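> just coords:
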Ligand SMILES: CCCCCCCC/C=C\CCCCCCCC(=O)SCCNC(=O)CCNC(=O)[C@H](O)C(C)(C)COP(=O)(O)OP(=O)(O)OC[C@H]1O[C@@H](n2cnc3c(N)ncnc32)[C@H](O)[C@@H]1OP(=O)(O)O
Ligand SMILES: NC(=O)C1=CN([C@@H]2O[C@H](COP(=O)(O)OP(=O)(O)OC[C@H]3O[C@@H](n4cnc5c(N)ncnc54)[C@H](OP(=O)(O)O)[C@@H]3O)[C@@H](O)[C@H]2O)C=CC1
């Protein structure tokens, strides 16, 4: 099936230029609309605009496509904040600084629409449905639950049923030119090689939705492992179902599917290192920087398929342009990954994260940053005991003695839960075909290739990781860069505490275990004299060679 689909997609691509005479003016040698020109005067609907990727998408559209007519964003009230309040807070975010400077009235282009995606009809009012049906030209569907531990019913409701509802709404839009769905490169992580095709779903979504409807949450929880089969969580499972649901509408809509791998901090835009959450590797980096995470199960040699959020957004906008302009007959899937083109490995990530946090330490670190990743289960368990649980126990004991509430063990339990869910992705690697990503790049003008850059060959990983770590410090933890000298001083203090602790430990072991027994003392003297002999032998041989 996959080969058959690829062939069809190839055919579509080769005939694509003739299919859109109104945009490419038809005559040979005539100029195709650039990406920014295409978005000029267009009304765009975005779901998940308050999320990590959605915000960057909104910002980039406003910055690079200033002639865009309006951005309609579906937003729900949350945590006691009204929809309006949330959107107004979002626009005050530092992310929008350059847009704000360029056009202080940029907010006028953002039109929030109240919507709770898990409700029937996405709980959009009839008036808003009318408005959207009349004006929307492009839809970007970013909203999803990305939690790995989401109960299946909720993940299905948001990632699959809401997608279905949005597709129905899209079909009522009179001027719709493209529907871009954001999936994940891990939707098919049960395969080792992943092509840019939609694989048959693990189950017919309609049947699953019908059968889960009558089941109570307990039963669903019991059967979830059987249903998700060889996928690690409900997230990847429901994202795979969503792709199939989207593909079902390909005869009625112009659809593109973007599949990013692990989306990380921004590479360049709007500024390097922008990140605002603990998802994926960000939480792991922060935990390592704070000196809490000292060990994790990961394969040093496995490819860490990270991709910066600005590159994903650039590709998404280019995919919107291509889908609308070329109107491929079938859904084009873009695997948006780095591993096949510019690979970087978890072992290298570990090295650069730790050295970066040593240069730019986080405030009030628990211990000096120093993490070891290993694929060996037993070694990892050993280090968890020695480097996580033991220090947590000692620290909590200290807090208790000071009359304070113990907290470290609780933090470690949460960390272990989080990294336990990530290990599946850091312990193996996948191969993604990225032909459509390359094809899309080749379709862009040289100017667009710069303005909407997703050429992952240009990524300099050490520099990117450094900015990423600084980004977590500045934008996730809201720490000031001017406090770095104090943070360095704190690390020096921690190092001295460690030296003192180790010295006390050696003296204690000597007094309790060695000094009391003649045999232990003899063994000790024997080991020490052996060491001295080796040392003097090496010193003598190095003097001779010199
Ligand atoms: C030296 C470095 C070495 C590196 C070695 C290798 C690193 C490998 C790392 C990564 C591999 C990448 C795998 C991603 C591949 C797939 C990509 C995609 O397609 S989608 C995106 C992925 N989605 C997620 O990442 C959602 C994961 N998060 C969850 O599922 C939940 O948040 C969970 C289970 C981790 C926690 O759930 P709760 O209900 O217990 O708690 P809650 O409310 O979510 O968070 C509690 C606190 O913990 C923080 N937190 C959340 N996630 C964290 C994390 N990953 N690490 C540390 N803290 C985290 C939160 O900010 C919160 O903090 P407060 O209470 O507000 O102070
Ligand atoms: N981050 C990553 O590493 C990767 C992400 N992806 C995909 O990219 C897309 C965006 O991810 P990302 O930005 O990281 O995710 P976030 O969790 O940051 O954002 C999710 C967005 O969906 C919205 N949303 C969630 N539930 C509802 C609901 N019931 N009603 C209305 N809106 C809702 C959220 O709104 P609210 O603010 O109200 O919660 C938020 O705007 C997703 O489709 C994800 O699968 C793919 C690969 C990797």
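All right, it came through fine. Predicted, not measured: the structure shown is a model, and the values here were computed from it. Ligands and ions are numbered 1, 2, ... in the order given.

> ranges for the strands of the stretch 401-546 of the chain?
Counting by DSSP state E, counting those that start in this stretch, the stretch 401-546 of the chain has these strands, from start to end: 431-432.

> Revised request: answer the last question for the stretch 1-150 of the chain.
Going by DSSP E, counting those that start in this stretch, the stretch 1-150 of the chain shows strands at 43-47, 70-75, 110-114, 138-141.

> Go through the ones you listed and name the closest to residue 401.
Proximity to residue 401, assessed across these by C-beta to C-beta, is greatest for strand 70-75 (48.2 Å). Yep, even glycine has a C-beta here, placed from its N, CA and C like the rest.

> Pick the most buried one from the strands of the stretch 1-150 of the chain.
Scoring those by mean neighbour count under mean count of other C-beta atoms under 10 Å gives strand 138-141 as the most buried, with a mean of 26.

> What strands flank that strand, and is each parallel or antiparallel?
strand 43-47 (parallel), strand 178-182 (parallel) (DSSP bridges).

> Is the helix or strand that that strand is followed by positioned near ligand 1?
Later in the chain than strand 138-141, the nearest helix or strand by DSSP states H and E is helix 152-156. No. No part of helix 152-156 sits near ligand 1 under the criterion C-beta under 6 Å from any ligand atom; the closest distance found is 10.8 Å.

> Now do helix 152-156, average pLDDT.
Averaged over helix 152-156, pLDDT sits at 96.

> likewise stretch 456-463?
The average pLDDT for stretch 456-463 rounds to 97.

> Likewise for stretch 297-312?
Here the average pLDDT along stretch 297-312 is 97.

> Tell me which residues of that stretch come out buried.
Buried residues in stretch 297-312, defined by neighbour count with 16 or more other C-beta atoms under 10 Å: 297-300, 302-312.

> Would that stretch count as contacting ligand 1?
Yes. Applying C-beta under 6 Å from any ligand atom, one finds stretch 297-312 touching ligand 1 at residue 298.

> anything in that stretch near ligand 2?
No. No part of stretch 297-312 sits near ligand 2 under the criterion C-beta under 6 Å from any ligand atom; the closest distance found is 7.8 Å.

> ditto for stretch 221-232
No. Stretch 221-232 does not reach ligand 2 (C-beta under 6 Å from any ligand atom); its nearest approach is 14.0 Å.

> In that stretch, which residues are buried?
Of all the residues in stretch 221-232, those buried under the rule 16+ other C-beta under 10 Å are 224, 227-228, 231-232.

> which outside residues touch that stretch?
148, 151-152, 189-190, 202-203, 208, 215, 234, 236-237, 240, 421, 424-425 (C-beta atoms under 8 Å, 6 or more residues apart in numbering).

> returning to what we had before: out of the buried residues of stretch 221-232, which are inside helices?
224, 227-228 (DSSP state H).

> Just send those back as CSV, with distance to ligand 1 too.
Formatted as CSV, these follow (distance: C-beta to the nearest ligand atom, whole Å):
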residue, distance to ligand 1
224, 15
227, 18
228, 14
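
> now these as TSV including pLDDT?
Shown next, in TSV, are those (pLDDT from 0 to 100):
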residue	pLDDT
224	96
227	94
228	95
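
> Which single one of the residues you listed is nearest to ligand 2?
Using C-beta to the nearest ligand atom, residue 228 is the member of these that sits closest to ligand 2, with 15.9 Å.

> Residue 278: what secondary structure?
coil (DSSP: H, G, I helix; E, B strand; the rest coil).

> residues near it, how many?
15 (other C-beta atoms under 10 Å).

> isn't it right next to residue 476, touching?
Yes. Contact status for residue 278 versus residue 476: in contact at 6.9 Å, counting by C-beta atoms under 8 Å.

> Need the residues touching each of the two.
What both residue 278 and residue 476 touch, as defined by C-beta under 8 Å, 6+ apart, is the set residue 286.

> residues contacting residue 55?
49, 90, 93, 95, 276.

> tell me the contacts of the fourth one?
Pointing back at residue 95 there. Contacts of residue 95 by C-beta under 8 Å, 6+ apart are 55-56, 59, 270, 274, 276.

> on that earlier part again, need the strands of the stretch 1-150 of the chain in a markdown table (columns: mean pLDDT).
As requested, the strands of the stretch 1-150 of the chain are exported to a markdown table (pLDDT from 0 to 100):
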| stretch | mean pLDDT |
| --- | --- |
| strand 43-47 | 98 |
| strand 70-75 | 98 |
| strand 110-114 | 97 |
| strand 138-141 | 98 |
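
> among the ones you listed, which is nearest ligand 1?
With C-beta to the nearest ligand atom as the yardstick, what comes closest out of these is strand 138-141 (14.8 Å).

> tally of neighbours for residue 364?
Using other C-beta under 10 Å, residue 364 has 12 other residues around it.

> which SS state does it fall under?
Classified using three-state DSSP, residue 364 is coil.

> Just give the nearest non-adjacent residue to it, would you?
Distances taken as C-beta to C-beta, 6 or more residues apart in numbering place residue 490 nearest to residue 364, at 6.7 Å, with adjacent residues excluded.

> again, but for residue 115
Nearest to residue 115 is residue 74, by C-beta to C-beta, 6+ apart, at 3.9 Å.

> The residue positioned nearest the centre of the chain and ligand 1: what is the separation?
Nearest to the mean C-alpha position of the chain, by C-alpha atoms, centre = their mean, lies residue 263 at 3.1 Å. From residue 263 across to ligand 1, the span is 7 Å (C-beta to the nearest ligand atom, to the nearest Å).

> quick one, domains of this protein?
Domain ranges of the chain: 2-199+235-276+302-342+430-455, 486-545, per automatic domain parsing.

> Pick the most buried one from these.
Of all the domains of the chain, as judged by average neighbours under mean count of other C-beta under 10 Å, the leader is domain 2-199+235-276+302-342+430-455 with a mean of 19.

> where's that one relative to the chain centroid, distance-wise?
Centroid separation for domain 2-199+235-276+302-342+430-455 versus its chain: 15 Å, with C-alpha atoms, centre = their mean, to the nearest Å.

> All set, thanks.
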